[in-house]
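Trainee: Only the shape, not the letters, is given here:
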Ligand SMILES: Cc1cc2nc3c(=O)[nH]c(=O)nc-3n(C[C@H](O)[C@H](O)[C@H](O)COP(=O)(O)OP(=O)(O)OC[C@H]3O[C@@H](n4cnc5c(N)ncnc54)[C@H](O)[C@@H]3O)c2cc1C
């Protein structure tokens, strides 16, 4: 490793949601005296390193409060669609009617829906603009390797001299190179399923309703966007997903309509074949979230099934917890890369991550199959939950990220 020509307090590898949100949180709390550098090849929009992300995400109430505290929410709020209610069904693809088994409606607080839908590229764009505004140093290149010493970590950013930092953060996504360099193994498995993502325009207004249809190949989620559009996350066994996504427009439309239904009138999948993407789905959790002067956040630490739309929300909880641990330490005059600071972060995040990983795994196993016996049991279970307002309220607060030891940013408080 060449000797560093540059020093910062925190170096973040990865400028997706997690990395950018962390960079903004640190700068806002600790000011211009605290140097934050963020490196990601996808920051160079001309390079093609970031392919267009066709996904939209359900942002739960707690992360939305965090985006508000970070000064980002106002920029995207006009395009964000509140989710006002949600229905869950369980049926076979060929069934003409999909009976509603469970409904969620209402608000977390008066005037505050439990989630909003927003296009990923729009939100990442707003985060990148705010990071630049708060003085985060943005480098359009990947971190390729690093070496850790007792006082600092030295990382190589491609095409530059090395950079020294007190703390290195791996926010470099599911196939994290930094996690691999640190020798941190993951445990988990592929589900043999893939999620087809597309945006569908429809004739009638969705009224802010999200729908999740549990079908034998996997869940089919219909998530409301502004302007009479829905984002769909359509999970199938991987071979079926690859076949469906390659269909000609007319055949794709027929498969889509069979699952989407006619409630919203005529539908059109936007963008033709270029408007569809396939994402393989799996469960992967890092054995450790920390190493010497290294912290993993977001998908670099854990990837879960999109069945509950919680992957990003989980990553933003990492960000809020790590930001709080670092800010508290720096205000006490401590080194932000010190083991005690990182252990506080890891303790905070381990249990919540395991709970969410196990819940999404059980949900997917319970619903993505053709067993009529299992269907009977799960439908009785869903019917019972639907009749218990207290249990439903608890599920909504959990999905909104408001249960447990919630970090300050997720309560909407400044650090
Ligand atoms: C189909 C689908 C639907 C989903 N829907 C939802 C939802 O509704 N709600 C929700 O909460 N979650 C959802 N998720 C999960 C969510 O999309 C992810 O959890 C989230 O995008 C992860 O963000 P991240 O910042 O951790 O990683 P990423 O978004 O993967 O960002 C990683 C960044 O690191 C950069 N990078 C890579 N290598 C390097 C390197 N060596 N050096 C520097 N930079 C590097 C990349 O260019 C990239 O910009 C969904 C996932 C899928 C697959």
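Mentor: That came through fine. Model, not experiment: these values are computed from the prediction.
Trainee: helix/strand/coil for residue 42?
Mentor: Three-state call for residue 42 (DSSP: H, G, I helix; E, B strand; the rest coil): helix.
Trainee: shift numbering so it begins at 588
Mentor: That works, and once the first residue is 588, the last one we named lands at residue 629.
Trainee: these two touch, right, it and residue 607?
Mentor: No - using C-beta atoms under 8 Å, residue 629 is not in contact with residue 607, being 11.0 Å away. For glycine as for every other residue, the C-beta is placed from the backbone atoms N, C-alpha and C.
Trainee: neighbours of the closest residue to residue 750 other than its chain neighbours, just the number please.
Mentor: Leaving aside its sequence neighbours, residue 750 sits nearest to residue 593 (C-beta to C-beta, 6 or more residues apart in numbering; 4.8 Å). By the measure other C-beta atoms under 10 Å, the count of residues near residue 593 is 16.
Trainee: go on, the one 4 residues further on?
Mentor: In terms of burial, residue 597 registers 27 neighbours under the definition other C-beta under 10 Å.
Trainee: Just the pLDDT for the residue of the stretch 638-787 of the chain found nearest the ligand.
Mentor: Nearest residue of the stretch 638-787 of the chain to the ligand: residue 760, at 3.0 Å (C-beta to the nearest ligand atom). Per-residue pLDDT puts residue 760 at 97.
Trainee: tell me which residues of the helix or strand residue 917 falls within are tucked away?
Mentor: Counting by DSSP states H and E, the element that carries residue 917 is helix 898-918. Under the neighbour-count criterion of 16 or more other C-beta atoms under 10 Å, helix 898-918 has 898-917 buried.
Trainee: try stretch 947-965
Mentor: 947-948, 950-951, 953-955, 962, 965.
Trainee: picking up where we left off before, could you pick out which of the buried residues of helix 898-918 are near the ligand?
Mentor: Counting by C-beta under 6 Å from any ligand atom, 898-900, 902 from the buried residues of helix 898-918 sit close to the ligand.
Trainee: Save those as JSON lines, and put in pLDDT too.
Mentor: Below are those laid out as JSON lines (pLDDT from 0 to 100):
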{"residue": "898", "pLDDT": "92"}
{"residue": "899", "pLDDT": "92"}
{"residue": "900", "pLDDT": "92"}
{"residue": "902", "pLDDT": "97"}
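Trainee: now, which of the residues you listed sits nearest residue 731?
Mentor: Here the nearest of those to residue 731, counting by C-beta to C-beta, is residue 902; it sits at 22.9 Å.
Trainee: mind listing what the residue nearest to the closest one when sequence neighbours are not counted touches?
Mentor: Nearest residue to residue 902, sequence neighbours excluded (C-beta to C-beta, 6+ apart): residue 885, at 3.3 Å. When contacts are counted by C-beta atoms under 8 Å, 6 or more residues apart in numbering, residue 885 touches 601, 603-606, 758, 760, 899, 902-903, 905-906.
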